[in-house]
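J.: any chance you could fold what I've pasted below:
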Amino acid sequence: MSPDLLLALSLADAADEISLGRFRATDLLVETKPDWTPVTEADRAVEEALRERLAVERPDDGMTGEEFGGSGGGTRCWIVDPIDGTRNYSRGIPVWATLIALEEDGEITLGVVSAPALHRRWHAERGGGAWVNDDRIRVSAIRQVEDAVLSFPLEHPIPALAGYAWHARGYGDFWAHMLVAEGAVDGAVDAVGVKVWDLAAIQPIVEEAGGRFTDAAGVARIDGGTAISSNGHLHDVLLEALRPISR
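T.: Below you'll find the model as predicted:
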């Protein structure tokens, strides 16, 4: 592992300690942000802790986080979602994770997705494969929609393609894309409204697992506001199915 990946994993350890310490706390403070999404004291505490660590260990790097925005400059930037799945976290549902990525010269070079309540942590860096805990992972080899497990967000119109899939579910947030990387799900969609901190850590994990990751226009980017991950074989079918919805 590179020094940067080792640092990212150490940051995930620190995040897990904070988030697990407040998970299902009866006095957990939950507020509503101006965009009507929830934020908890744990979201802010995790991001603050990671900012403090990075200021010491990578003082020349920038950082972008969901709760406190961007800071620093240069060609390297850490991108952090302190708790992806805050609604789940605030209600005691264990499907949530801290997402940590490093962008260098415009490319996401590593990603860590740590879901401590699920006892799972995914990570990848370019050229090193994708891993969950100590196991290497690969996307599936499914080629036909009729054999596929697909994940669509329940908050937006579900394409007719879902009706032809072997199984269609709404796993949501990081979870759907990590299941694609593991080969358990064959394609997953975030139709609208996702931000760079929702996607940065996911992209290298899916791609290093052998999959494909794009926005709804088919461009491999994290700033398009939409995301599709797949095993590659089904990607064009998903793009075509989403065109009427994403316009």
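J.: how is the chain partitioned into domains?
T.: According to automatic domain parsing, the chain comprises the domains 3-128, 145-246.
J.: which residue packs closest to Ala45, ignoring adjacent ones?
T.: Of all residues beyond its chain neighbours, the one nearest Ala45 is Ile18 (5.2 Å), with distances taken as CB to CB, 6 or more residues apart in numbering. Glycine gets a C-beta too; all of them are placed from N, C-alpha and C.
J.: would you mind pulling the contact partners of stretch 118-133?
T.: 1-2, 4-5, 8-9, 12, 94-95, 97, 107, 109-115, 136-138, 178, 181-182, 204-209 (CB atoms under 8 Å, 6 or more residues apart in numbering).
J.: stretch 86-94 too?
T.: Here stretch 86-94 makes contact (CB under 8 Å, 6+ apart) with 19, 23-24, 28, 30, 37-40, 42-43, 83, 85, 95-96, 115, 117-118, 173.
J.: what about the residues you listed, which are in helices?
T.: Judged by DSSP state H, the contacts of stretch 86-94 include 19, 42-43, 173 as members of helices.
J.: tell me the most packed of those residues, by neighbour count.
T.: Neighbour counts for the ones in helices among the contacts of stretch 86-94, by other CB atoms under 10 Å, peak at Asp43, which reaches 28 neighbours.
J.: give the contact list for that residue.
T.: 66-67, 82-83, 86.
J.: now for the nearest residue to Asp60 once chain neighbours are set aside, how many residues are close by?
T.: Distances taken as CB to CB, 6+ apart place Gly74 nearest to Asp60, at 5.7 Å, with adjacent residues excluded. The number of residues packed near Gly74 is 11, by other CB under 10 Å.
J.: do the same with Arg87
T.: Close neighbours of Arg87, defined as other CB under 10 Å, add up to 16.
J.: same thing with Arg120?
T.: Residues near Arg120, counting by other CB under 10 Å: 15.
J.: quick check: it vs Arg58, distance?
T.: 26 Å (CB to CB, to the nearest Å).
J.: same check, this time on Gly193
T.: 30 Å.
J.: neighbour-wise, which of the two wins?
T.: Neighbour tally, Gly193 and Arg58, criterion other CB under 10 Å: the higher count belongs to Arg58, 18 against 13.
J.: quick one: contacts for Ala115?
T.: Contact criterion CB under 8 Å, 6+ apart gives 94-97, 121, 174-175, 178 as the residues in contact with Ala115.
J.: kindly indicate which of the ones in helices among the contacts of stretch 86-94 lies nearest Val149.
T.: Asp173 (16.9 Å; CB to CB).
J.: show me the contacts for Asn231.
T.: Asn231 makes contact with 139-142, 180, 183, 186-187, 210-212, according to CB under 8 Å, 6+ apart.
J.: one more time with 6 Å, if that's ok
T.: Residues near Asn231 by CB atoms under 6 Å, 6 or more residues apart in numbering: 139-140, 186, 211.
J.: can you pick the most crowded of those?
T.: Using other CB under 10 Å as the neighbour criterion, Asp186 leads the contacts of Asn231 with 31 neighbours.
J.: so what's it closest to, chain neighbours aside?
T.: Of all residues not flanking Asp186 in the chain, Ala148 sits nearest, at 4.1 Å (CB to CB, 6+ apart).
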